[in-house]
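Visitor: got a sequence here, can you build the structure:
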Amino acid sequence: MNLSNEQLLAGETRQAYRFFQRLRGLMFTGQLNSGAGLHIKPCRSIHTFFMNYPIDVVYVNELNVVIAIDESMEPGKLGKVYADAASVVELPVGTVKKTMTKQGHSLDFVNN
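Guide: Model prediction:
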């Protein structure tokens, strides 16, 4: 949930908090359905190797404030490393634009 504008980024967010969950991420998956997401913690950078579709990526700090966003990150790319990032949310393409999520917004992981 984006607390800054009360927009729901994902109704179903899988957690990737263990090493092998983080390592696998969304690799080899068919698609990320609308309303779904993956919260990777801890995480300062991601890649989209072995993925078949682009994603929106939201980087947040320890206070769950958005510090960076990569929209429509294509498969086979390496993301920038953000030293202040504590976790990352991977979302279907268009989610960031649809929810008007911006750097500086505060997120809440209600069920995480």
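
Visitor: now the strands for the protein?
Guide: With DSSP state E as the definition, the chain shows strands at residue ranges 12-16, 36-40, 55-60, 66-73, 87-92.

Visitor: for residue 2, which of those strands is the nearest?
Guide: Each of the strands of the chain was checked against residue 2 via C-beta to C-beta, and the shortest separation belongs to strand 66-73, namely 8.3 Å. For the C-beta atoms, the positions are set from N, CA and C on the backbone; glycine is no exception.

Visitor: hmm, back to that, mind giving me a markdown table with the strands of the chain and columns for mean pLDDT, mean neighbour count and distance to residue 107?
Guide: Rendered in a markdown table, the data for the strands of the chain read as follows (pLDDT from 0 to 100; neighbours: other C-beta atoms under 10 Å; distance: least, C-beta to C-beta, whole Å):
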| stretch | mean pLDDT | mean neighbour count | distance to residue 107 |
| --- | --- | --- | --- |
| strand 12-16 | 94 | 16 | 10 |
| strand 36-40 | 97 | 21 | 10 |
| strand 55-60 | 98 | 25 | 6 |
| strand 66-73 | 98 | 17 | 7 |
| strand 87-92 | 98 | 25 | 7 |
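
Visitor: ok, and the closest non-adjacent residue to the residue positioned nearest the centre of the chain?
Guide: The residue at the geometric middle of the chain, judged as the C-alpha nearest the mean C-alpha position with C-alpha atoms, centre = their mean, is residue 89 (1.8 Å). The shortest distance from residue 89 to any residue that is not its chain neighbour, by C-beta to C-beta, 6 or more residues apart in numbering, is 4.4 Å, and that residue is residue 58.
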